[in-house]
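*Asks:* Quick one, structure for this:
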Amino acid sequence: MEVLGIDIGFGFTKATDGEETLIFKSLFGDATDLQFWVDFGENSLSNYFNVTIDGKSYFIGDLAEQQSNVISFTLDQEKLISEFVKVLTLTVAGVFLKEDSAINVPINIVSGLPIGYFKHNHKRFNEILTGHHKISYIQPDGSKIVKEIYINKVRMLPQPLGTILNLLMDDRGKIVNKELAKQKVGVVDIGFRTTDFTIMDRLRYIDRSSRTMDTGISKAFSVISNKLREKCGVSVELYRLYKAAELGTIKMKGHGLNFSKIRDQVYAQLAGTIANDIDRVWAGDWDIDTIILTGGGCMELAKYLQPLISGSVIPTDLTVDARLNNVQGYLKYGRYIWGESGQEPPQPQPPKEVDQIEDRLEEPLEEPLEESISEALEAIDEPIEDIDDFVEDEFD
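*Replies:* Numbers count the residues shown, from 1 in each chain. Below you'll find the predicted structure:
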């Protein structure tokens, strides 16, 4: 039995089995017939994804961006689930399935959805993914590796819980950060399209304080892209702005353009929007002990956002890829409920002669997470309306 954590995001797909980690852009395109292939760069698991699934061939990630004539990229949640989840999940699941493994080795997957989409969509992942699948990987030399995949179980979580679980648990899925487990913890998960806000109070999910807003980093990228089009007459796709936005410069037609001032203004505006949302969504949660910034967008926005937040914020470690915080937590949670071998572990015996808090910490995490989430989601409110769009005139 294999246990995998997989996160299909609008910007990037992230996956891990605890030994290796995959991260690549959530893109796919038509698989063209390449007449010649050479790559003098570093080899990695994700640098050549040429796959065939259900009789249809795709280039995935960087290969699609570089070689496909038609590229599929979306910021629409329904399209992401209906068209992207199966292709991207099976691609990474097959990579982690060892070639010498027996056919149909069961795979258990933990994944996540933004809070605002969880209630109506979490069951669909089981419908899309569970069962038997066949995927072919075409190598640069034309040879083919065929893998038969059996996805046994898919467990879904609201996305930000992955970050909390990553901090709470060790690699075996055992709760080791008992101090954090006693606290009321707020998470701000800044993704590509959305930002999620959630609170865990002594291991219990708090629904009334959990929301999804359309304030991901793509909103800043859209403003930057529009400004570049006005300046240079070139429409830059959002998925091609990652490195340029990081550097604050972009080269077009042989000429370098510095847009760091615009970028900083846009990031500051977006950080202000998110800070206002924090104050609004958590207005009654003045007793939060710790606030955690996570998600790929926090790497860009942390220095703008952190000074605007009242409370104790765990400093963002820029040496760690925050895009992986959730998916690493998914894997740890999977190992908690299924064990490293993927089998359901026996229920632990009640601890003896410990105080009430320690009793709570030794209980299976599945109960406070699974049951409270299930109950809370039945009464989940519609997401609060987003605030006004960016006022681009400020950046002229």
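*Asks:* Okay, now the unreliable bits of the stretch 1-150 of the chain?
*Replies:* Applying pLDDT under 70 to the stretch 1-150 of the chain picks out residues 36-46, 99-104.
*Asks:* And residue 125, how far from residue 274?
*Replies:* According to Cβ to Cβ, to the nearest Å, residue 125 and residue 274 sit 27 Å apart. C-beta coordinates here come from the backbone N, C-alpha and C atoms, glycine included.
*Asks:* quick one, domains of this structure?
*Replies:* Following automatic domain parsing, the chain resolves into domains at 2-158, 161-216+265-378.
*Asks:* Helices of the stretch 51-200 of the chain, residue ranges please.
*Replies:* For the stretch 51-200 of the chain, applying DSSP state H, counting those that start in this stretch gives helices covering 62-67, 77-79, 85-96, 115-129, 161-168, 178-181.
*Asks:* Compare those and report which one is nearest to residue 249.
*Replies:* Of all these, it is helix 62-67 that lies closest to residue 249, at 19.7 Å by Cβ to Cβ.
*Asks:* Just the residues contacting that closest one, thanks.
*Replies:* 24-25, 27-29, 32, 34, 46-50, 58-59, 71-72, 239-240 (Cβ atoms under 8 Å, 6 or more residues apart in numbering).
*Asks:* Any quick PyMOL command for the buried ones out of these?
*Replies:* Selection command for PyMOL covering only the buried members of the contacts of helix 62-67, criterion 16 or more other Cβ atoms under 10 Å:
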select buried, resi 24+25+27+28+29+46+48+49+50+58+59+71+72+239
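*Asks:* Name the SS class of the closest residue to residue 305 other than its chain neighbours, please.
*Replies:* Excluding the flanking residues, the one nearest residue 305 by Cβ to Cβ, 6 or more residues apart in numbering is residue 271, at 4.0 Å. Following DSSP: H, G, I helix; E, B strand; the rest coil, residue 271 is assigned to helix.
*Asks:* gap between residue 271 and residue 175?
*Replies:* 32 Å.
*Asks:* next one: residue 181
*Replies:* 6 Å.
*Asks:* Who has more neighbours out of the two?
*Replies:* Higher neighbour count among residue 181 and residue 175: residue 181, with 21 against 18, using other Cβ atoms under 10 Å.
*Asks:* got the contact list for that one?
*Replies:* Residue 181 neighbours (Cβ under 8 Å, 6+ apart): 168, 175, 202-203, 361.
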